[in-house]
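**Student:** sequence first, then the predicted structure:
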Amino acid sequence: NIMERTDKKGYEEAQKRLKMAEEDHKKILPELRKESRRNYLSKREAEKLEDLEAEIADEEYLFSTDALTERERKELEYKRNLRDLAKDYKKAGAKEKEERKNRYYMPEEKRSKRDMELELEMPMEGGGEQGRWEEERLKTASLIFGAKKEREKGLKAEREKYQLILEEDEMINFVSSDKSPCDNEQYSAALSQAEVQKQSIQEVRRSLPVFPYREDLLLAIQQHQILVIEGETGSGKTTQIPQFLMESGYNDGGMKIGCTQPRRVAAMSVAARVAQEVGVKLGNEVGYSIRFEDCTSERTVLKYMTDGMLLREFLTEPDLASYSVVIIDEAHERTLHTDILFGLIKDIARFRPDLKVLVASATLDTERFSCFFDDAPVFRIPGRRFPVDIFYTKAPEADYLEACVVSVLQIHVTQPPGDCLVFLTGQEEIETCCELLQERCRRLGSKISELLVLPIYANLPSDMQAKIFSPTPPGSRKVVVATNIAETSLTIDGIIYVIDPGFCKQKSYNARTGMESLIVTPCSRASANQRAGRAGRVAAGKCFRLYTAWAFKHEMEESTVPEIQRTNLGNVVLLLKSLGINDLIHFDFMDPPPHETLVLALEQLYALGALNHLGELTKVTYCSEEVLTIAAMLSVNNSIFYRPKDKVVHADNARQNFVVPGGDHMVLLNVYTQWLESGYSTQWCYENFIQFRSMKRARDVREQLEGLMDRIEVEVCSSGGDIVPIRKAVTAGYFYHTARLSKGGYKTVKHQQTVYVHPNSSLFEEQPRWLIYHELVFTTKEFMRQVIEIDSSWLLEVAPHYYKNKE
Ligand code: ADP
Ligand code: MG
């Protein structure tokens, strides 16, 4: 009997697992068979296969087959069949994959002579530049990071020297991982920074990994309509490939080359660099276009733009007739806009055989792109990547911001020259980190050499952005504190050290509650590895992860979920509908959004009156001067009020002075109105602790909205000082964001979820009975940000179809 031969617990567990596995297997088999054209396993499926094999082995071990009940035997049999089937797929797939991979893999002789020479030098242990460098590194590593015990006497004295600067108990203990993820990548020896700086622009161009493949790449583009291009960050995809195309006639007849970027900063920065390389003024032949800023002209033939801008171009030019090549860059980012572009471009490529489509991505999952674009070939640019040693903390860090600051200083005083890159999640964090670093440096004074602290994030003025690219003066060290933008979009040369706290800001959406929030979450392992890779571009580097090796393995997701899977689809639906795409359920998404999210979006738009009962766009005419302003102010996203650390009291007083009855929307309106009355003055902003840049942006948004209203002939009128119609209009737009005061906080009307007024709100102390929130954010609690007080009777008035059954 089974019970006698195995322990009871083990048996029960196996039973449980069998049950779960059964459910699972019902799902995989059809999945495996679904696409007959595809005969290889996806990564997920391959993982499932591994699980399956482990399960079968377990069960075979636990029970000898003859002791199984009839049902268990059948299950085991079923699993074995499944395994065999999956194995067949895997075998066939491996072959095909290999073929596909090899299609464009470049032979050794193509690589530049310099790479080969440098590489020869590398493996000789102890000798050569690399050997010395490693030896030195080993010493310092054992000195501070506890990877090895101190073996040499002299080290102790040196350690004491450092202790004067950094107290031991405030230092972070790092442990080295036994395996660096880049072990198998191609190594080559260090190209000294000084050498890079001396090179002329053309020399730099020639030294980039993509350069030797110029001709092959152009040939491949000529032969295939759609080509996927994969290459390590910094290999020259974004800056070089468009130039290759320009140089070989893709602009004949005034045709344009377009290259999309998920981020505004990247589009601007890259365009500036390319204009410089080509030797033209930015905005002439080479330009960029981002929302509210069109830096192009009649002459522009190479246009960098955000993915959102190219989507907009579909509105005026549905077949992109003026483009000969469209490059969808940073495809691995899988932003919402990029994902939609995939579907649209795949579609137009069918009836525009002359259009070339390039899908460029960092070395991540490029087979998925190939698969989506009907098995388009993948062109791999062999990367140049130096080994990166990974260090983890021994224990989790409670305050990662402080940990970053300490790590930077630790690196600065203990490590050989080389710049440092820190990844944080947003502007606020970055500013705090920079302030802390500068303050600590000031205190340390001449005890340490110069540390240049440079921030980079989306809202940073462009002259400040450009600073991160300027070479580090000798004898000092540069530390760039960046958002995700430095992960793959921007390449900063000279980085040897990376500090990765392991977080990023991510939009997440709960289709059930309809709640969208921007939350700081652990980044994915794929992101973490990209970040680490930034340390190995010019020489061997180090990456300090401010989390444990265990967390990396067990707490992080394998890869980032595409944005389309975690966003409110309202805007997508409106956009696609305005492009005349009505059947959204069958739109060719690479990863379709969850069905319920799509349905919810349609429902909401219908409830708002933006779609009619046929699902067609309507003209909504509920608008006034004031609402336009409020919408514009809300769109700049909580960056209106400025609160410098050393003037907190002044700033809070200034903010208090703007408070008017009604709620935060009214406060925002008040701020804008006063600013307008000051003649849009910078000085006024400064005196009132208001961020001028945000206000300017709000003004741009407002003008754009006004222009749109004008175009569809909706009259913009004012409520003449009466605040009720304004609040009613907000209610009409946001009635599904209603919350009602109840014991211990507020409850959302829709889902009875407990939420709280954000302490920053003007209504924080008043706590009115009914209110409407603009957004929910989760920090320490579920907070409502930007709230407005309403009268519950308005709900029935503005959204009867929605509230009739609820009251
Ligand atoms: P990829 O797109 O493959 O990641 P890029 O084309 O962005 O690579 O970058 C290639 C090289 O161009 C970088 O290594 C860097 O040296 C240089 N570069 C890119 N942008 C700038 C810039 N704004 N300033 C100076 N150099 C830059
Ligand atoms: Mg790039």
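**Tutor:** Great, that's in hand. Ligands and ions are numbered 1, 2, ... in the order given.
**Student:** could you look up the SS state of residue 258?
**Tutor:** strand (DSSP: H, G, I helix; E, B strand; the rest coil).
**Student:** how far away is it from ligand 1?
**Tutor:** Look at residue 258 and ligand 1: by C-beta to the nearest ligand atom, to the nearest Å, they are 15 Å apart. C-beta here means a position set from N, CA and C on the backbone, and glycine is covered the same way.
**Student:** isn't that residue up against residue 324?
**Tutor:** No - assessed by C-beta atoms under 8 Å, residue 258 is found out of contact with residue 324, at 9.2 Å.
**Student:** ok now the helix or strand hosting residue 294, how far from the chain's centre?
**Tutor:** Element membership of residue 294, judged by DSSP states H and E, is strand 293-295. Relative to the chain's own centre, strand 293-295 is displaced by 23 Å; criterion: C-alpha atoms, centre = their mean, to the nearest Å.
**Student:** do the same with stretch 603-613
**Tutor:** On C-alpha atoms, centre = their mean, the centre of stretch 603-613 falls 31 Å from the chain's centre.
**Student:** got the buried residues for that stretch?
**Tutor:** 604, 605, 606, 608, 609, 610, 611 (16 or more other C-beta atoms under 10 Å).
**Student:** if I've got this straight, the third one is in a strand?
**Tutor:** No - read with three-state DSSP, residue 606 is helix and lies in no strand.
**Student:** so can I have a markdown table of the buried residues of stretch 603-613 showing pLDDT and distance to residue 467?
**Tutor:** Shown next, in a markdown table, are the buried residues of stretch 603-613 (pLDDT from 0 to 100; distance: C-beta to C-beta, whole Å):
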| residue | pLDDT | distance to residue 467 |
| --- | --- | --- |
| 604 | 79 | 43 |
| 605 | 82 | 44 |
| 606 | 80 | 49 |
| 608 | 75 | 44 |
| 609 | 74 | 48 |
| 610 | 75 | 43 |
| 611 | 78 | 47 |
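**Student:** quickly check those residues for the two that are furthest apart.
**Tutor:** 604 and 609 (10.6 Å; C-beta to C-beta).
**Student:** looking at the chain, which helix or strand does the model trust least?
**Tutor:** helix 113-121 (a mean of 36; mean pLDDT, DSSP states H and E).
**Student:** still on that earlier bit, by contact count, what packs against the strand holding residue 294?
**Tutor:** With contacts taken as 3 or more C-beta pairs under 8 Å, 6 or more residues apart in numbering; DSSP states H and E, strand 293-295 sits against helix 264-278, strand 286-290.
**Student:** okay, now the sheet partners of the shortest one, with direction.
**Tutor:** Using DSSP bridges, the strands paired with strand 286-290 in its sheet are strand 293-295 (antiparallel), strand 302-306 (parallel).
**Student:** can you tell me which of those is packed in deepest?
**Tutor:** strand 302-306 (a mean of 27; mean count of other C-beta atoms under 10 Å).
**Student:** and the helix or strand just after it with helix 264-278, angle?
**Tutor:** For strand 302-306, the following helix or strand on the C-terminal side (DSSP H and E) is helix 307-316. Angle of helix 307-316 versus helix 264-278, following axes from the mean of the first three to the mean of the last three C-alpha atoms, to 10 degrees, is 90 degrees.
**Student:** could I have the CA atoms of the helix or strand just after helix 307-316 written out in PDB?
**Tutor:** With elements assigned by DSSP H and E, the helix or strand that comes after helix 307-316 is strand 323-328. Output of strand 323-328 as PDB, limited to C-alpha atoms (Å, rounded to 0.1, in the frame of the first residue of the first chain):
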ATOM      1  CA  TYR A 323       8.500  57.700 -44.800                       C
ATOM      2  CA  SER A 324      10.800  55.200 -46.600                       C
ATOM      3  CA  VAL A 325      12.000  53.600 -43.400                       C
ATOM      4  CA  VAL A 326      10.500  53.400 -40.000                       C
ATOM      5  CA  ILE A 327      12.700  52.200 -37.100                       C
ATOM      6  CA  ILE A 328      10.900  51.100 -34.000                       C
END
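**Student:** from the contact counts, what lies against strand 323-328?
**Tutor:** Strand 323-328 packs on helix 237-247, strand 256-261, helix 336-351, strand 356-361, going by 3+ C-beta pairs under 8 Å, 6+ apart.
**Student:** let me see the mean pLDDT of it.
**Tutor:** When pLDDT is averaged along strand 323-328, the result is 98.
**Student:** and the nearest residue to residue 757 once chain neighbours are set aside, how far is that from residue 427?
**Tutor:** With C-beta to C-beta, 6 or more residues apart in numbering as the criterion, residue 757 has its nearest non-adjacent residue at 5.2 Å, and that residue is residue 764. From residue 764 over to residue 427 the distance is 23 Å, taken as C-beta to C-beta, to the nearest Å.
**Student:** mean confidence for stretch 707-723?
**Tutor:** Mean predicted lDDT for stretch 707-723 stands at 78.
**Student:** what bridges to the residue nearest to residue 278 when sequence neighbours are not counted?
**Tutor:** What sits nearest to residue 278 in space, not counting adjacent residues and going by C-beta to C-beta, 6+ apart, is residue 286, at 5.7 Å. Counting by DSSP bridges, residue 286 is bridged to residue 302.
**Student:** isn't residue 286 right up against residue 270?
**Tutor:** No - in this structure, residue 286 is not within contact of residue 270 by C-beta under 8 Å, at 9.7 Å.
**Student:** ok, which stretches of the stretch 601-750 of the chain are strands?
**Tutor:** Secondary structure of the stretch 601-750 of the chain (DSSP state E, counting those that start in this stretch): strands located at 738-742, 745-748.
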